[in-house]
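Asker: Build the 3D model from these lines:
(2 chains)
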Amino acid sequence: MSKLRVATTSLAGCFGCHTSLLDIDERLFDLLKLVEFDRTPLTDIKHCGPCDLGIVEGGVCNAENVAVLREFRRNCKVLVAIGACAVTGGLPAQRNHLDLGDCLSEVYLTEPGTRHGLIPNDPELPLPLDKVHPIGEVVKVDYFIPGCPPSADAIWKFLTDLIAGRTPTLGHGLIKYD
Amino acid sequence: MTETFLLDGEEVLFAPGQTVLQAALAAGRYIPHLCYHPEFKPHGSCKVCTVKANGRFATACTLPAQAGLEVASAVEEVDDIRRTLVQMLFAEGNHFCPSCEKSGDCVLQALGYDLGVMTAGFRHLYPNRPVDASHPDILLDFNRCILCELCVRASCEVDGKCVFALSGRGIEKHLIVNSASGRLADTDVALTDKALDVCPVGVILVKRRGFAVPIGERRYDQSPISAQALADAPRPPAGSRPCAACEEGEE
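Answerer: Model prediction:
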């Protein structure tokens, strides 16, 4: 059996979900018998080729996130939202009831210590979106794994179900929103 | 003589005057529910306890038990409706479980776990709902309010204070505090009030108590909400005193 090709990325996330993936510990060896990695922070491959599975951590908070997410959707047969931020917007989305301009001016212009501050405007910086979105509001998502982060056991259960061709189900104790 | 109705094909005994939900819970049979509380009159507003009774949808908390009634609850068609209702509640408020101190003790969250809700499914509204931290001992985080009115009912019927009320209509409906300033600090709410104990979500929080029980060791971490049916079996009403504060307002 050829190995499943897997890509992962963190958009507006904290890499906590990737850390939780690494927390499957020695089961990583079992996983590597079944999958090979394409674009991920682990391989440092910059662009995603055709993949069987794409795992996306973090919500969508800027233009670059949108581009990366669309690249994943174009290339991955199955796309998974992992973690509270990808599923609900999470902590970054707690700015959504505020005006983006007000946020930027408070952080860079009006807070104490920012007397000669400037709002960053370098062409290399991706433009922030006015709201942070769960990835399901931007592209079609096939599966959701909630949690902040989902536990290593939840991730392992999900991956082994999916790789074995079963519909992934997380029972009590594995499905967590916190 | 006791009579019975059928719940998912099995007979459930009921006493005269009991609703389908009360009889089921008393028998240790779980029907998912959210705005119902065993010590208060049924409210019927959240619709999570929807069942199919003799082929028609009805809320189990308000449906009087009748001999021979055929009730379907643990069926996919009904669970789909409940799942959608729970998803809409998550999308409507700001339910950020990772930063909520009620996590693990929250009924809405426990229902989501038990029904297998993996995503809100609808576009999140992310409403702007400032918190009320004015009171020295109690925090109100309106972001999580699901408008079940349990605090409204408890404050009026048991505490006789009517500290809380709902205001506005439709999507504008929201929980308010009944004081001239609108701040909790300017009411006579007390730490012993029943209203502080009934919030199923994380709106009414007693300060400095949030993490006394660590995350992971809380009520719905121990066992799923569906395994805790008897906890909500009928018990004596908490009280139904006429509320002086309300009656003044109606004049």
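Asker: Can you tell me how far the nearest residue to B:Asp132 once chain neighbours are set aside is from chain A?
Answerer: Nearest non-adjacent residue to B:Asp132, counting by C-beta to C-beta, 6 or more residues apart in numbering or on different chains: B:Leu140, 4.1 Å away. (Glycine included, C-beta is placed from N, CA and C.) Here the criterion is C-beta to the nearest C-beta, to the nearest Å. By it, B:Leu140 lies 17 Å from chain A.
Asker: Next: B:Glu217.
Answerer: Distance, B:Glu217 to chain A, by C-beta to the nearest C-beta: 12 Å.
Asker: Who are the contact partners of that residue?
Answerer: B:Gly104 (C-beta atoms under 8 Å, 6 or more residues apart in numbering or on different chains).
Asker: Would you agree it falls within a helix?
Answerer: No. B:Glu217 sits outside any helix when classified using DSSP: H, G, I helix; E, B strand; the rest coil, being coil.
Asker: one step back: could you check how many residues crowd around the residue nearest to B:Asp132?
Answerer: As a burial measure, B:Leu140 scores 25 neighbours (other C-beta atoms under 10 Å in any protein chain shown).
Asker: What are the boundaries of the strands in the stretch 151-251 of chain B?
Answerer: Here the stretch 151-251 of chain B has its strands, by DSSP state E, counting those that start in this stretch, at B:164-167, B:174-177, B:204-206.
Asker: Give me whichever of these is most buried.
Answerer: strand B:204-206 (a mean of 20; mean count of other C-beta atoms under 10 Å in any protein chain shown).
Asker: now check it, is it near chain A?
Answerer: No. Judged by C-beta under 8 Å from any C-beta of the partner chain, strand B:204-206 stays clear of chain A, getting no closer than 15.4 Å.
Asker: Now do the domain split for chain B, please.
Answerer: B:3-74, B:79-223+B:239-250 (automatic domain parsing).
Asker: got any ranges where the stretch 151-251 of chain B has weak pLDDT?
Answerer: Counting by pLDDT under 70, the stretch 151-251 of chain B has low-confidence residues at B:242-251.
Asker: which stretches of it form helices?
Answerer: Shown for the stretch 151-251 of chain B, the helices assigned by DSSP state H, counting those that start in this stretch span residues B:219-222, B:244-250.
Asker: Ok, chain A next?
Answerer: A:16-22, A:27-34, A:63-75, A:84-88, A:100-105, A:152-163 (DSSP state H).
Asker: so the closest residue to A:Ser10 other than its chain neighbours bridges to which residues?
Answerer: Residue nearest to A:Ser10 in three dimensions, not counting chain neighbours: A:Glu57, with 4.3 Å by C-beta to C-beta, 6+ apart. A:Glu57 has these beta-bridge partners by DSSP bridges: A:Ser10, A:Ile82.
Asker: Go ahead and confirm A:Glu57 touches A:Ala84.
Answerer: No. With contact defined as C-beta atoms under 8 Å, A:Glu57 does not count as touching A:Ala84 (9.8 Å).
Asker: just to revisit the earlier point, what would the helices of chain A look like in JSON lines with distance to chain B?
Answerer: JSON lines is the format used below for those (distance: least, C-beta to the nearest C-beta, whole Å):
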{"stretch": "helix A:16-22", "distance to chain B": "10"}
{"stretch": "helix A:27-34", "distance to chain B": "21"}
{"stretch": "helix A:63-75", "distance to chain B": "16"}
{"stretch": "helix A:84-88", "distance to chain B": "5"}
{"stretch": "helix A:100-105", "distance to chain B": "12"}
{"stretch": "helix A:152-163", "distance to chain B": "10"}
